[in-house]
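can't give you the sequence, but here's the structure:
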């Protein structure tokens with residue numbers, strides 16, 4: 001194996017919490033992109049490999065395969081039984097976990113530094129050599145179907161499903177991560193195996209390792225265990241456009257819940273667009289708790305309208321959207337909530353933004369990053385989606401780009417995106433109980 005991958009190391013930054021720490025990105029010969037972050041605060045190493053596999057990459061016939069496959073990958077490899085794999089990490093003082101989202105599946109570990117090589121070998125074995133034993137399918141089917149049933153009885157999940165069906169209609173993003181019960185109940189092993197072999201190839205992955213190591217020697221270990229697997233032939237990229245139906249009316253669904261859920265979606269610039277960071281800063285200011293002009297509009301002392309609210313900028317590889325969501329005790333508040341939210345966002349170009357407010361947002365984000373990096377794998381949870389969808393350069397430069405935003409940038413971007421009043425409003429309100 002050549003060592004040319006070492007020449008592809010790109011130094012990105014010096015970690016704020018440790019002046020000697022470095023972050024580098026390497027690309028192995030087989031296409032696996034890996035980010036290495038030194039953090040000597042504790043004698044631990046965390047590793048996370050993200051696979052570009054999720055409900056976004058499925059179709060109606062195999063919706064739920066990705067999440068089901070995540071479960072199967074803890075059931076043994078060509079060299080390790082299920083018990084040997086799972087107990088092996090525990091016996092070395094380690095921790096393993098995984099999670100599936102619409103755009104990725106992530107596998108992670110945390111382990112004492114002295115057992116780093118064990119963890120690297122075991123994780124690579126899990127990713128590339130799992131056997132998906134047929135006799136484990138009934139057990140995993142039962143577990144996943146129980147997850148689906150539990151979620152179907154959860155009002156939060158029902159609200160999310162309803163909102164997603166409208167926001168992302170006609171696109172893979174409308175599909176649930178868990179999939180429908182009928183698909184999971186009849187999954188044939190050969191189809192899951194084919195999906196695994198197609199998607200679980202190194203050139204369809206990006207890794208993040210953070211902890212107590214020296215980069216040059218750690219890079220050699222990563223290449224030893226992850227770099228020997230050949231690149232695969234990836235499926236052709238899907239072609240679709242996320243275009244919410246901005247019809248300026250409120251779409252209502254009834255469900256036997258005790259509270260009402262409100263969700264409003266607005267257009268937003270792609271993460272490569274020059275206006276992206278200005279709209280992101282606007283979202284941060286609108287989500288700033290009691291100091292937010294939106295919070296003040298919705299929760300006057302004499303007539304509070306919402307229990308909880310949040311504003312966030314959804315950032316995907318191919319689109320961005322600005323979202324508002326809230327809960328309210330009284331469904332009669334919904335129309336007033338929608339009116340006030342669209343008014344505040346429509347007038348965002350006219351607000352007086354204090355540079356000190358903007359600075360506080362950036363300081364909080366930088367502080368949160370440092371705190372999460374010290375918690376190792378929690379940092380992976382935090383950045384996984386952006387790492388996969390936007391790349392590490394975006395993750396690393398995010399706070400610095402946000403710090404360049406000035407009040408005039410927010411005003412200009414808000415006028416561009418929200419002066420026309422486009423929005424999609426949805427609400428799930430209490431309805432009759434099932435069977436009544």
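Received, thanks. All figures in this text were calculated on a predicted structure; none of them were measured in a lab.

Residue 425 looks like it's in a strand, true?
Yes: under DSSP: H, G, I helix; E, B strand; the rest coil, residue 425 sits within a strand.

In contact with it, which residues?
248, 249, 250, 251, 262, 263, 264, 338, 342 (CB atoms under 8 Å, 6 or more residues apart in numbering). (C-beta placed from N, C-alpha, C; glycine too.)

Which one of those residues is nearest to residue 324?
Nearest to residue 324, judged by CB to CB, of the contacts of residue 425 is residue 264 at 4.5 Å.

So what are the sheet partners of the strand or helix carrying the closest one and their directions?
Using DSSP states H and E, residue 264 sits within strand 260-268. Paired neighbours of strand 260-268 in the sheet (DSSP bridges): strand 320-328 (antiparallel), strand 424-430 (antiparallel).

who wins for most neighbours among the contacts of residue 425?
Neighbour tally across the contacts of residue 425 (other CB atoms under 10 Å): the maximum, 26 neighbours, falls on residue 262.

gap between that residue and residue 329?
12 Å (CB to CB, to the nearest Å).

about what we covered before: tell me the angle of whichever helix or strand comes after the strand holding residue 264 relative to strand 260-268?
Where DSSP H and E defines the elements, the next helix or strand beyond strand 260-268 is helix 276-286. Angle, helix 276-286 to strand 260-268, by axes from the mean of the first three to the mean of the last three CA atoms, to 10 degrees: 150 degrees.

what does helix 276-286 rub up against?
With CB under 8 Å, 6+ apart, helix 276-286 has contacts from 268-270, 292-294, 311-313, 320, 322, 324, 344-345, 348, 353, 357-358, 361, 365, 401-402, 404-405, 409-410, 412-414, 417.

Give the rounded mean pLDDT of it.
Helix 276-286 shows a mean pLDDT of 98.

Now that helix: buried residues?
Residues of helix 276-286 classed as buried under the neighbour-count rule (16 or more other CB atoms under 10 Å) are 276, 277, 278, 279, 280, 281, 282, 283, 284, 285, 286.

what do you get for stretch 411-421?
Of the residues in stretch 411-421, 411, 413, 414, 417, 418 count as buried by neighbour count, 16+ other CB under 10 Å.

same check, this time on stretch 181-196
Under 16+ other CB under 10 Å, the buried positions of stretch 181-196 are 183, 184, 187, 192, 193, 195, 196.

which secondary structure element contains the fourth one?
Going back to what we said before, that points to residue 192. With DSSP H and E as criterion, residue 192 is part of helix 189-199.

Now do that helix: which elements does it pack against?
Secondary-structure packing of helix 189-199 (3 or more CB pairs under 8 Å, 6 or more residues apart in numbering; DSSP states H and E): helix 65-72.

Give the buried residues for the helix it packs on.
Under 16+ other CB under 10 Å, the buried positions of helix 65-72 are 65, 66, 67, 68, 69, 70, 71, 72.

quick one: average pLDDT of the following helix or strand past that helix?
Per DSSP H and E, the first helix or strand lying C-terminal to helix 65-72 is helix 82-91. What helix 82-91 shows for mean pLDDT is 95.

Residues contacting helix 82-91, please?
Helix 82-91 is contacted from outside by 74-77, 80, 95-96, 109, 111, 118-119, 122, 125-126, 133, 136, using CB under 8 Å, 6+ apart.

Nearest residue to the middle of this structure?
By CA atoms, centre = their mean, the mean C-alpha position of the chain lies nearest to residue 385, the distance being 3.7 Å.

if we can go back for a sec, need the buried residues of stretch 181-196 in a markdown table (columns: pLDDT).
Output for the buried residues of stretch 181-196, formatted as a markdown table (pLDDT from 0 to 100):
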| residue | pLDDT |
| --- | --- |
| 183 | 97 |
| 184 | 97 |
| 187 | 91 |
| 192 | 97 |
| 193 | 97 |
| 195 | 97 |
| 196 | 98 |
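
any idea which of those residues is closest to residue 234?
Checking these against residue 234 by CB to CB gives residue 195 as the nearest, at 12.7 Å.

From residue 238, how far off is the closest residue to that closest one other than its chain neighbours?
In space, and not counting its chain neighbours, residue 195 is closest to residue 65: 5.1 Å by CB to CB, 6 or more residues apart in numbering. As judged by CB to CB, residue 65 and residue 238 stand 15 Å apart.

quick one on the thing from earlier: will you turn the buried residues of stretch 181-196 into JSON lines that also has distance to residue 333?
Putting the buried residues of stretch 181-196 into JSON lines (distance: CB to CB, whole Å) gives the following:
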{"residue": "183", "distance to residue 333": "38"}
{"residue": "184", "distance to residue 333": "38"}
{"residue": "187", "distance to residue 333": "43"}
{"residue": "192", "distance to residue 333": "46"}
{"residue": "193", "distance to residue 333": "51"}
{"residue": "195", "distance to residue 333": "45"}
{"residue": "196", "distance to residue 333": "47"}
